[in-house]
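Engineer: this is a predicted model, with the sequence first.
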Amino acid sequence: MEKLLNRVVELLEEINTKLSRIEKKLEGEGEINIPSSIDLLTKMTKAQRLTYFAVQKIGEATCSEVAEETGRSMNLESRYLRRLYEMGVLGRKRVPVSDKEEEWKGTEVKYFIKEEK
């Protein structure tokens, strides 16, 4: 029993040491404006998380590519992607669309995971 208690004390001391180092690092960086990944994920609904992870898997994705990955309708994915963009989780850009004969067909929106600074 005494060995078990000693081991628990050792583990708690290790945890305390690691937490102290983390606190020192955070104090040195000043105010942090970028929310952590965990904060962002907790603010998303389960459906939005599925969309987020689909974009993460694909890289840069259109609504139709995300819909194909998740198995949901393109209209629904469009809403989720727009909402994630408004939350600041995703970025987006317009890219030209052309067919095999290089005829310009317009543009489409591609969503991507924003890089943290």
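Structural biologist: Happy to help now that I have it.
Engineer: check which element follows the helix or strand of the chain with the lowest mean pLDDT along the chain.
Structural biologist: When each helix and strand of the chain is scored by mean pLDDT, DSSP states H and E, helix 37-43 comes last, with a mean of 68. Moving toward the C-terminus from helix 37-43, the next helix or strand (DSSP states H and E) is helix 46-58.
Engineer: average pLDDT across the biggest helix by length in the chain?
Structural biologist: Ranked by residue count under DSSP state H, the longest helix found in the chain is helix 2-29. When pLDDT is averaged along helix 2-29, the result is 80.
Engineer: how far off centre is it?
Structural biologist: Mean C-alpha position of helix 2-29 versus that of the full chain (C-alpha atoms, centre = their mean, to the nearest Å) differs by 29 Å.
Engineer: neighbours around S73, how many?
Structural biologist: The number of residues packed near S73 is 11, by other C-beta atoms under 10 Å. The C-beta positions use only the backbone N, C-alpha and C, and glycine is treated the same way.
Engineer: what sits against the closest residue to it other than its chain neighbours?
Structural biologist: Taking C-beta to C-beta, 6 or more residues apart in numbering, and ignoring the residues beside it in sequence, S73 has A67 as its nearest neighbour in space, at 6.2 Å. For A67, the contacting residues are 73-74, 76-77, by C-beta atoms under 8 Å, 6 or more residues apart in numbering.
Engineer: what's the neighbour count on G106?
Structural biologist: 8.
Engineer: surely it meets V95?
Structural biologist: No. Contact status for G106 versus V95: not in contact, 10.2 Å apart, counting by C-beta atoms under 8 Å.
Engineer: I'd like to know how far P96 sits from E108.
Structural biologist: As for P96, its distance to E108 is 8 Å (criterion: C-beta to C-beta, to the nearest Å).
Engineer: who's more crowded, the two?
Structural biologist: For P96 and E108, the more surrounded residue by other C-beta under 10 Å is E108, and the numbers stand at 14 against 9.
Engineer: many thanks, we can stop here.
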